[in-house]
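1. A predicted structure for the sequence below; I have some questions about it.
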Amino acid sequence: KHHGRGNFIRRPDERIRYDNQRLFSPHPAPAEAELHVHVSVHRVAAVGTLPALLQVRDGAPLTEYVYTSHRNDITQSLAYVYVPRAVARLGTPTGNLSPWGDDIRTLLANAGVHVVSTRERLTTRLPSSDDVRLLRTTTPVLVIERTSIDTTGRVAEGALLVLPGDRTEAVFTTFTPAVALEVAE
């Protein structure tokens, strides 16, 4: 509603899909059409919630990868991916970048660090002032906290993804192991 001007209906934004199937495919899915992903790399210290997420001491050195995805000049998602420098010192991902920071797994594997499990925790919250500015949303945001464990049991990678709730779809598929059934005669 705009006082004195009338009522207006906004066109729904295209949805972005977060799907765990990408983790089971030997070939990464191409980025969504018209979705442009940019990554920046920073050296940071583990502070706030990061020591608990990454199971490192407060102040431990980390590499932070900040992924921003855009469609039609609108930011679609933010992904903050952290790798403890004690685990690996990785370069900058290149090529067809994932909006979720999945490229870090490839860099880890190339450095000899192999991820064997991933835990994802989904929550919602009201957007912070940075979220409002970057994502251009005042609706609740979906936050995905992801931790990946390597073969030695340490956290190899931790990520915090922030997605606008009004244009995000999260889909999770669970595979059930096959069980031999005994047939009663």
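-> Alright, I've got the coordinates.
2. Check the gap between residue 139 and residue 121 for me.
-> The gap separating residue 139 from residue 121 is 20 Å, by C-beta to C-beta, to the nearest Å. Yep, even glycine has a C-beta here, placed from its N, CA and C like the rest.
3. Residue 113 now?
-> Computed with C-beta to C-beta, the distance linking residue 113 and residue 121 is 22 Å.
4. follow-up on the earlier one: between residue 139 and residue 121, which has more neighbouring residues?
-> Shown here are residue 139 and residue 121; by other C-beta atoms under 10 Å, residue 139 has more neighbours (14 against 10).
5. Tell me if I'm right that the more buried one and residue 168 touch.
-> No - here residue 139 does not reach residue 168: they are 10.1 Å apart, not a contact under C-beta atoms under 8 Å.
6. Can you work out which residues contact both of those two?
-> With contacts taken as C-beta atoms under 8 Å, 6 or more residues apart in numbering, residue 139 and residue 168 have no neighbour in common.
7. which residues of the protein fall in strands?
-> Remark: strands assigned in the chain by DSSP state E are 16-19, 36-45, 61-71, 74-84, 115-125, 141-150, 155-164, 168-171.
8. now the end-to-end length of stretch 137-146.
-> 23 Å (C-alpha to C-alpha, to the nearest Å).
9. who's in contact with it?
-> Against stretch 137-146 from outside (C-beta under 8 Å, 6+ apart): 18, 53, 118-127, 131-132, 135, 157-168, 170.
10. filter the residues you listed to the buried ones?
-> In terms of neighbour count (16 or more other C-beta atoms under 10 Å), the buried residues within these are 18, 53, 120, 127, 131, 135, 157-165, 167-168.
11. Where in the chain is the helix or strand with the lowest mean pLDDT?
-> In the chain, the helix or strand scored least confidently by mean pLDDT, DSSP states H and E is strand 16-19, which has a mean of 78.
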